[in-house]
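Student: Okay, here's the prediction I keep looking at, along with the sequence it came from:
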Amino acid sequence: MFYSEDIIEQVRTENDIVDVIGDYVKLQKKGSSYFGLCPFHNEKSPSFSVSPHKQMYYCFGCGEGGNVISFLMKYENYTFIEAMEFLANRAGIQLPKMEYSKEARREKDLKTKIIEINTEAAKYFHYLLKSDRGKAAYSYLKKRRLSDETIIRFGLGYSDKYSNNLYQYLKKKGYSDSELKETGLFTFDEKRGVTDKFWNRVMFPIMDVNNRVIAFGGRVMGDAKPKYLNSPETKVFDKSRNLYGLNVARTSRMDYLLICEGYMDVISLHQAGFSNAVAALGTAFTSRHAALIKRYVKEVVLTFDSDEAGIKAAMRAIPYLKDAGLAIKVLNMHPYKDPDEFIKALGREAYEDRIKNATNYFIFQVDVEQKKYNLNDPQEKTLFHKKVAEMLLDFKDEIERDNYLESVCSTFNIPKEGLTKLVKKTGLTYAGREERTNIESRITKKAKKEDAAVNAQRILLAYLIDKNKWFQKVAQVLSPDDFIDSFYRQVAELFWRQMENGEANPAQIMNCFEDEEEHKKVAELFVSPIQANLNLEEQEKAINDAVIKIKKESLDYKASTATDITVLQNIIKEQNKLQKIHITLG
């Protein structure tokens, strides 16, 4: 623990967990909690819950759980210190100056050093581009019609044709092999020695939203493969958490982002005045990219390549963007392949017109589906209409679904009355499927194999959080000493102390644990999926069963370790009384 418990609790309580997680995950209120698709594993039905009352999140599918601090540590790959700094800044809290532990200081220093080396490398690449050695690369960029101003603005450069040129340069700057190895810029081999990862390539520095150089992309000069090469992931670079050009696009004051496929598309658009263009970094578009975009805008326009690969990329990206709650349009660039080619041929104004007339994402999806069928064949035409009906069922809101149905019928010349009937018929076929999927996703393999004693502890704690009178009755029979596992005993001690003071605060309990797995275990303890929709009698039975199970496990353990005969006799007496335990809640 690096900050006092009071300051940690102040930062946590000033950042409502629903608001913070809502910036990353599209949440919908169900009962007293919010649910959404888990950002930590792939799923189609929401099993990720966020409790505003408990200020905790928990996924019934994969078991991830914690408070607002641990969420940022997991999602953003932040250290505890970085998560605290982010949340404090978000809430306008001034953190006290602090002394780092050796491990935290080492981690922070390493990240700073990687960025420092990357910055030196970027400067060197840019210098080489303007030197005699970079003439071919500079000529390539000029043929792509990039101005000197654009080349400077994006820090473009050139990596020399000699395979250890950058390594030698940085070694002369005083950097050690251990430091250089962490940057991902070099390959260390016992036989071949150290070689540069990038050589004879036009270089594209990749910057985070704070304009720090975190990685590189390189386009080969010549016919070598791969054509484009990106830095591997490092302590400062995660492809799924960054977008090329976002450092500029986020300050463009536009209410939407243009999403492209490649570096040159972004640069060409920026040069043409579209400073709100971004691109994924050599990886498929993910839910994390969508959540990142949601922080800055509410709408996106997809401007991927118009070839088959680009269409597939757009189709893959749309569900992530939709789940993030973003409005989506798709730009038509025909007859040109990409934004760079389009703007060179037709210019800025024509591209701006295409943006204004961009297609709604659903109409785009239906159009892509339509091309798979021969509409001159009645059987295939029927199959296409059935597919459209299925797709329309994704809209849960009836008014929204009707609006899209009307638009689809108008655009694709489908009889409205017939499609309406088909949607209803298809809906009946799929009735209950989503609900069954939701239930199944929450009954995980882990839950099936869960230790009965731990499950009893989990059920008990989940029930007692808001019930001080119930707690007082349970406390007459049970104490934290009855939790035989040391971790669960520690949690119970903290919980008992809170309840004795009048109110449970499970999110605060997490402040006492630093390990990610411990956060998950605490979250799991205070979330019981069975407590909803039970009457008082059923809840009373569940609590009594849990108390008896915990007490039995405790007495059995004490009996197995007892060495004094008197102590053992007392334990046996307590064991005989177990079945007489009955706590009345009413």
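Tutor: Yep, that arrived. Numbering: from 1, shown residues only.

Student: so residue 240, which of the three states?
Tutor: Per DSSP: H, G, I helix; E, B strand; the rest coil, the local secondary structure of residue 240 is helix.

Student: Could you pull up the residues touching the closest residue in space to residue 256 that isn't next to it in sequence?
Tutor: Of all residues not flanking residue 256 in the chain, residue 299 sits nearest, at 4.0 Å (Cβ to Cβ, 6 or more residues apart in numbering). Every C-beta, even on glycine, is put in place using the N, C-alpha and C of the backbone. Residue 299 sits next to 255-257, 326-329 when contact means Cβ atoms under 8 Å, 6 or more residues apart in numbering.

Student: and with 7 Å instead?
Tutor: By Cβ atoms under 7 Å, 6 or more residues apart in numbering, the contact set of residue 299 is 255-256, 326-327.

Student: Then residue 187?
Tutor: 195, 197.

Student: what do you get if the cut-off is 10 Å, keeping everything else the same?
Tutor: By Cβ atoms under 10 Å, 6 or more residues apart in numbering, residue 187 lies in contact with 163-164, 167, 181, 193-197.

Student: Quick check on those residues: which are buried?
Tutor: Those of those that meet the buried threshold are 163-164, 167, 194-197, by 16 or more other Cβ atoms under 10 Å.

Student: For those, give me JSON lines that also has pLDDT.
Tutor: Converted to JSON lines, the buried ones among the contacts of residue 187 look like this (pLDDT from 0 to 100):
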{"residue": "163", "pLDDT": "85"}
{"residue": "164", "pLDDT": "89"}
{"residue": "167", "pLDDT": "94"}
{"residue": "194", "pLDDT": "92"}
{"residue": "195", "pLDDT": "93"}
{"residue": "196", "pLDDT": "93"}
{"residue": "197", "pLDDT": "94"}
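
Student: Which members of those residues are positioned in strands?
Tutor: 194-196 (DSSP state E).

Student: for the chain, which helix is longest?
Tutor: Counting residues, the longest helix found in the chain (DSSP state H) is helix 102-130.

Student: Please save the CA atoms from the following helix or strand past that helix in PDB.
Tutor: Per DSSP states H and E, the first helix or strand lying C-terminal to helix 102-130 is helix 135-143. Presented in PDB, the C-alpha positions along helix 135-143 are these (Å, rounded to 0.1, in the frame of the first residue of the first chain):
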ATOM      1  CA  LYS A 135      16.700  10.000 -50.100                       C
ATOM      2  CA  ALA A 136      14.800   7.000 -51.400                       C
ATOM      3  CA  ALA A 137      12.400   7.100 -48.400                       C
ATOM      4  CA  TYR A 138      11.900  10.800 -48.600                       C
ATOM      5  CA  SER A 139      11.300  10.500 -52.400                       C
ATOM      6  CA  TYR A 140       8.700   7.800 -51.600                       C
ATOM      7  CA  LEU A 141       6.800  10.100 -49.200                       C
ATOM      8  CA  LYS A 142       6.900  13.000 -51.600                       C
ATOM      9  CA  LYS A 143       5.500  10.700 -54.400                       C
END
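
Student: what about the helix or strand following helix 135-143, average pLDDT?
Tutor: Next in sequence after helix 135-143, counting helices and strands by DSSP H and E, comes helix 148-153. Mean pLDDT, computed over helix 148-153, is 95.
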